[in-house]
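Student: pasting the sequence and the predicted coordinates here, then a few questions.
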Amino acid sequence: MPGISRSAATMYLIFLVFIWGINWPLTKYALDFSPPLLFAGIRTLIGGILLVGFAIWKRGPLRLKQNWHIYLIASMLNIILYYSFQTIGLQYMPAGLFTAIVFLQPVLLGMFAWLWLGEAMYPLKIFGLLLGFAGVAAITTGGIFGHISVWGLLLAIASAICWAGGTIYTKKMAPRVDPLWMTAMQVAIGGVAILGAGSVTESWSDIVWNMSFIFDTLFISVFVIAVGWLIYFKLIRNGDSAKVGSFMFLIPLIAIVFSVLFLNEHVTINLAVGLALVASSIIVVNMKPRRLKKELPVL
């Protein structure tokens, strides 16, 4: 895919942060009507089918024989493990709290990009990522009332590691695969795998097929999964991974706001502290030292 302008990147980021922010309380709500793995499989498979259809229409090179292992590894990290861990983990603690822990991912993403992609890492960026980490920590250590389960904590951390690792792997493999097929195949494979696991371990009869659940599932499938992953990987391919990741710190804050509004979860002053730290993090991470201004690409 061609590069994108700063204004287009900004619009993409605004959309992505908002849509992925509301995804968490929407997912928490849907779990009242469906077992976790079946719900994760249904929404992911629908999103994957939409993406595969779009990829076929665009007629990009699939090269399944040469690239099947790349699609499988990316799917395992970004979709199968990430969605399974988060969907199961959301049963153990409030949506806003779980989301905040998962979004330690931007810190991991910045470190992984430096270690494995050779992206620039300098003191100002490290400081900015640490500010974001502090913002998330402010939320998780008291910003939200709710039971902190050990299993929920471990699943949230595992989700963050899988997502960060999968993002780096996808960017590293980008020169070898068509970007649209890379996104479509990993989502479709993930959907089949998660739905299969859910069909074996859970009961389809436990799903309540009311209009709320159907609308919730379709909304997440189309906008959060199909459109969201396309935008996310487009931004990652065309920009500094840590800078894109820094905006991801905003997602748990949006998730918390909507959890408060619609799921009756409660927050304290820590949320305001976390918001200030996250906003500062985004500003600092996107600042460049003078010596690097001519060397680093502009997102």
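Tutor: Yep, that arrived.

Student: wait, is residue 32 part of a helix?
Tutor: No: assigned with DSSP: H, G, I helix; E, B strand; the rest coil, residue 32 falls outside any helix and is coil.

Student: show me the contacts for it.
Tutor: residue 208 (CB atoms under 8 Å, 6 or more residues apart in numbering). C-beta coordinates here come from the backbone N, C-alpha and C atoms, glycine included.

Student: dihedrals phi and psi, it?
Tutor: Reported as degrees, to the nearest 10, the phi and psi values for residue 32 are phi -70, psi -20.

Student: tell me who's in contact with residue 60.
Tutor: Per CB under 8 Å, 6+ apart, neighbours of residue 60: 178-181.

Student: okay if I get those as TSV plus secondary structure?
Tutor: Compiled in TSV, the contacts of residue 60 are given as follows (three-state DSSP):
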residue	secondary structure
178	coil
179	helix
180	helix
181	helix
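
Student: buried members of the residues you listed into PyMOL, please.
Tutor: In PyMOL, a selection of the buried entries from the contacts of residue 60 looks like this (16 or more other CB atoms under 10 Å):
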select buried, resi 178+179+180+181
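
Student: looking at the contacts of residue 60, which one is closest to residue 9?
Tutor: Residue 9 lies nearest to residue 179 out of these, by CB to CB, at 15.7 Å.

Student: hmm, back to that, TSV please, covering the contacts of residue 60 and showing pLDDT.
Tutor: Shown next, in TSV, are these (pLDDT from 0 to 100):
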residue	pLDDT
178	94
179	92
180	94
181	96
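
Student: so which two of the contacts of residue 60 are the farthest from each other?
Tutor: Longest span within the contacts of residue 60, CB to CB: 179 and 181, 7.5 Å.

Student: leaving out the residues flanking it, which one is nearest to residue 287?
Tutor: Nearest residue to residue 287, sequence neighbours excluded (CB to CB, 6 or more residues apart in numbering): residue 124, at 5.9 Å.

Student: now name the helix or strand holding residue 129.
Tutor: Using DSSP states H and E, residue 129 sits in helix 123-140.

Student: re earlier: the residue nearest to residue 287 against residue 283, yeah?
Tutor: No: counting by CB atoms under 8 Å, residue 283 is not a contact partner of residue 124; they are 10.6 Å apart.

Student: I am finished for the moment; much appreciated.
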